[in-house]
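J.: here's a sequence, model it:
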Amino acid sequence: MKHTLLYFFAFLVFISCSGVKSTQKEINQGNYNDAINYCLKKLAANKTKEKNEPYVIMLQQAFEKSSQKDLSKIEYLKSEKNPENYESIYNLYLSLKERQDRIQPILPLYLSSGKEAKFDFVNYASLLANSKTELSDYLYNRSKNVFNSQNKLDYRQVYQDLEYLERINPNYKDVRAMLQEAHKRGTDFVFVALKNKTRQVIPKRLEKDLLNFDTYGMNDFWTIYHSRKQPSIHYDFNLELVFRDIRISPERIKDREIIREKEILDGFDYVVDANGNRVRDSLGKDITVDRYINVKCEFYEHIQSKSVQVSGIVRYLSNNSKQLIHEFPLQSEYLFEHAYGTYNGDKRALESSYLDMLRFRSVPFPSNEQMVYDVGKDVKEKLKAIITRNRWRG
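T.: From the prediction side, this is the model:
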């Protein structure tokens, strides 16, 4: 028992020393925030514990060094007098303030000597506010200048800048109205059309389903699909689904004969002696034996089938350049198949899988129009996959 306790305390000492060494290593390597996180975690458990004093000292070191590093970086960025640095300066002031806010709740901290550990906190409120104003003005003015552009990708970048501005400085000037306008100007509108180059009739309900892009879930923040043109909208692109060939097979019935034989139990017989009398057991009951017979059945498997194959292309066209952007092949197939069975003979000779087929009967073949409609579900999935993999803009 004594040895066990010694090992346990030795293990605790090792863990403690290991934690101190690894935290000091983080400080030496300049990973001040990681060191601060670990120190705060240890001190939050018990900040008055004497063995945690190294974490108080290291917290002081990491806080001082990280603050000096951020302030030096701010001074350098300001000296460049480059407005592109405003965001970095703002984030550094934010980091300085947040670091102090995380340490504040655990104070005061004391050393073993009874002396209070010193943390030189600075009120960054005014510096942070001034930095935010500089950054807000810069982002706002830069975004305003882009509103003369004819490039939709410029408006998408502006939208990100304005979204960030709205996040750090809510309801700044007319930013919310600018966000709506940037989204409007950066959105691509795509007109979707179906073209039938085959000799088959495409059912109206299939055409309606294929052109109903609300069911595809393809509309995203920057791309809107329409199957009916709206006069007030300029369409940037056209998407054409072109059916080139639709082949429908003849109606087929494939028959197969299967013969099954089986020995089955067919009742019982009484055991009799040489005189024809029934033999009884010790309890006076008649003795019986199972009677088996051989049965035979001719099973006929009937498989009805009909198939349709569709081939076509999906075309991406630019209305601005009047050029073909991409062309993708589309192949789809649908198979109608129905199986049922009939028999002649004793069906007790059949396995359960064949008996199940006897429950079904022949059904009418689907019409050509229905076959074309049924293949539409697969066409729709493949069209969606093509659009998902191949966006309109990079």
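
J.: mind checking the SS state of the residue lying closest to residue 301 once chain neighbours are set aside?
T.: Closest residue to residue 301 apart from its sequence neighbours, by C-beta to C-beta, 6 or more residues apart in numbering: residue 256 at 4.4 Å. (C-beta placed from N, C-alpha, C; glycine too.) Put simply, residue 256 is strand when judged by DSSP: H, G, I helix; E, B strand; the rest coil.

J.: domain-wise, how is this structure divided?
T.: 16-122, 132-186, 188-246 (automatic domain parsing).

J.: can you tell me which of the ones you listed the model trusts least?
T.: Note on these: lowest mean pLDDT is at domain 188-246, with a mean of 89.

J.: what about stretch 250-258, distance to the chain center?
T.: From the chain centre to the centre of stretch 250-258 is a distance of 44 Å (C-alpha atoms, centre = their mean, to the nearest Å).

J.: next: stretch 373-389.
T.: Centroid separation for stretch 373-389 versus its chain: 19 Å, with C-alpha atoms, centre = their mean.

J.: one more: stretch 204-224?
T.: That offset, for stretch 204-224, works out to 20 Å (C-alpha atoms, centre = their mean).

J.: just the C-alphas of that stretch, formatted as CSV.
T.: Taking Å, rounded to 0.1, in the frame of the first residue of the first chain, the C-alpha atoms of stretch 204-224 are listed here in CSV:
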residue,chain,number,x,y,z
LYS,A,204,-46.5,17.2,-70.9
ARG,A,205,-46.3,16.2,-67.2
LEU,A,206,-42.7,15.0,-67.7
GLU,A,207,-41.7,18.3,-69.4
LYS,A,208,-43.3,20.1,-66.5
ASP,A,209,-41.4,18.0,-63.9
LEU,A,210,-38.1,18.4,-65.7
LEU,A,211,-38.5,22.2,-65.9
ASN,A,212,-39.7,22.6,-62.3
PHE,A,213,-36.3,23.6,-60.8
ASP,A,214,-37.9,24.2,-57.4
THR,A,215,-37.9,20.4,-56.9
TYR,A,216,-34.2,20.2,-57.8
GLY,A,217,-33.0,22.4,-54.9
MET,A,218,-30.5,24.0,-57.4
ASN,A,219,-31.2,27.6,-56.7
ASP,A,220,-28.4,29.0,-54.6
PHE,A,221,-27.5,32.4,-53.2
TRP,A,222,-26.1,33.6,-56.5
THR,A,223,-27.9,31.5,-59.1
ILE,A,224,-31.7,31.5,-60.0
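
J.: run through who's touching that stretch.
T.: Here stretch 204-224 makes contact (C-beta atoms under 8 Å, 6 or more residues apart in numbering) with 156, 183, 186-190, 192, 194, 225-227, 241, 372-373, 376, 379-380, 383-384, 387-388, 391-392.

J.: now the buried members of those.
T.: Listed as buried from these are 156, 183, 186-190, 192, 194, 225, 227, 241, 372-373, 376, 379-380, 383, 387, 392; burial here means 16 or more other C-beta atoms under 10 Å.

J.: mind checking which of those land in strands?
T.: If you go by DSSP state E, the buried ones among the contacts of stretch 204-224 have 188-190, 192, 194, 225, 241 in strands.

J.: which element is residue 337 on?
T.: Element membership of residue 337, judged by DSSP states H and E, is strand 323-345.

J.: name the strands paired with that strand and say parallel or antiparallel.
T.: Each strand paired with strand 323-345, and its direction, by DSSP bridges: strand 288-318 (antiparallel).

J.: how far off centre is the partner strand?
T.: Remark: strand 288-318 is offset 37 Å from the chain centroid, using C-alpha atoms, centre = their mean.

J.: list the buried residues for that strand?
T.: 295, 297, 299, 302, 304-308, 310-317.

J.: so what's the residue of the chain most remote from its centre scoring on pLDDT?
T.: Largest separation from the mean C-alpha position in the chain: residue 275, at 84.7 Å (C-alpha atoms, centre = their mean). What the model reports as pLDDT for residue 275 is 84.

J.: sec struct for it, please.
T.: Following three-state DSSP, the label given to residue 275 is coil.

J.: surely residue 190 is in contact with residue 233?
T.: No - when contacts are counted by C-beta atoms under 8 Å, residue 190 is not listed as touching residue 233 (10.5 Å).

J.: shared neighbours, these two?
T.: In terms of C-beta under 8 Å, 6+ apart, residue 190 and residue 233 are both contacted by the residues residue 226.

J.: what is the host helix or strand of residue 98 packed up against?
T.: Per DSSP H and E: residue 98 is located in helix 86-103. Using 3 or more C-beta pairs under 8 Å, 6 or more residues apart in numbering; DSSP states H and E, the elements in contact with helix 86-103 are helix 32-45, helix 53-80, helix 125-146.

J.: do that again at 6 Å, thanks
T.: Judged by 3 or more C-beta pairs under 6 Å, 6 or more residues apart in numbering; DSSP states H and E, helix 86-103 is in contact with helix 53-80, helix 125-146.

J.: so what's the gap between that helix and the chain middle?
T.: 34 Å.

J.: next, the buried residues of that helix.
T.: Neighbour count says helix 86-103 has 86-87, 89-90, 92-97, 99-100, 103 buried, by 16+ other C-beta under 10 Å.
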